[in-house]
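>>> Predicted model and sequence below, questions to follow.
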Amino acid sequence: MTRGLESAMSTAVASDYIRPILLVHCDFDTADLNMWTGIGSLVHDGKTYVGAGSLLNITGLEESQELVAQGISVTLSGVLTSLVAKARDEDYQGRTLEVLFGAIDDTGDVIADPVVMFSGFMDTMTINDGGETSTIVVTVENRLIEFERTRVRRYTAEDQKIEHPDDLGLEFVTEMEEKEIVWGRMRIFASGNAPADTPANPEDPGQLP
């Protein structure tokens, strides 16, 4: 897929010496987890990325001319116990994970804006406990996987309340299935007379039935 690059980033890529980096942004409820493939802290776009160096590994990051839902795996080695608890206790499935490609200059500052190489949803997480440190492997689904999922919606009260909990508009749908609705029936009076608003006989508009 063709991507646009800012002029500063294009110049950096075309230079003889380039310092490429990958940034990973993980969305969690309590606090986002941001890492990059360098050493120390890196601030970009208001976010602080923690340097993981070679301990951060990304596999399956490929480009294709075809529109396919290609997923990736993100592996973080040498993880401390505090981070293992975060991975184990927090809800992560379906949360966003982004991988950005960028470059830094001689002073360690990010050149222009990194390009989003991958954006998807965290699927499964495997924790390999090694005592003091552990290894966490996260498989991430491509956002295109959403097009392969079947969405079935029904005109029921339960289905309506998924998005609108207080909506009672479909509460009586099941009762209407066998409900007999009288429409246009004429009223018959013992005296043979009917009020002026009583519908006429459809076969003879001038006569009552």
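Okay, I see it.

>>> Poorly predicted segments of this protein, please.
For the chain, the stretches with pLDDT under 70 are 1-5, 63-69, 81-82, 130-131, 143-152, 185-209.

>>> how about the strands of it, start to end?
Counting by DSSP state E, the chain has strands at residues 20-26, 33-36, 41-44, 47-51, 56-59, 72-79, 96-103, 115-129, 134-142.

>>> Next, the angle strand 134-142 makes with the first one.
It stands for strand 20-26. Orientation check (axes from the mean of the first three to the mean of the last three C-alpha atoms, to 10 degrees): strand 20-26 against strand 134-142 gives 90 degrees.

>>> change the start of the numbering to 19 and stick with it
Shifting the count to begin at 19 puts that one at strand 38-44.

>>> which secondary structure elements does strand 38-44 contact?
The contact analysis (3 or more C-beta pairs under 8 Å, 6 or more residues apart in numbering; DSSP states H and E) places strand 38-44 against strand 51-54, strand 59-62, strand 65-69, strand 74-77, strand 114-121. (Each C-beta comes from the backbone N, C-alpha and C, glycine too.)

>>> For the second one, which helices and strands make contact with it?
Judged by 3+ C-beta pairs under 8 Å, 6+ apart, strand 59-62 is in contact with strand 38-44, strand 65-69.

>>> Off-centre distance for that strand?
In terms of C-alpha atoms, centre = their mean, to the nearest Å, the centre of strand 59-62 is found 26 Å from the chain centre.

>>> Alright, I will stop here.
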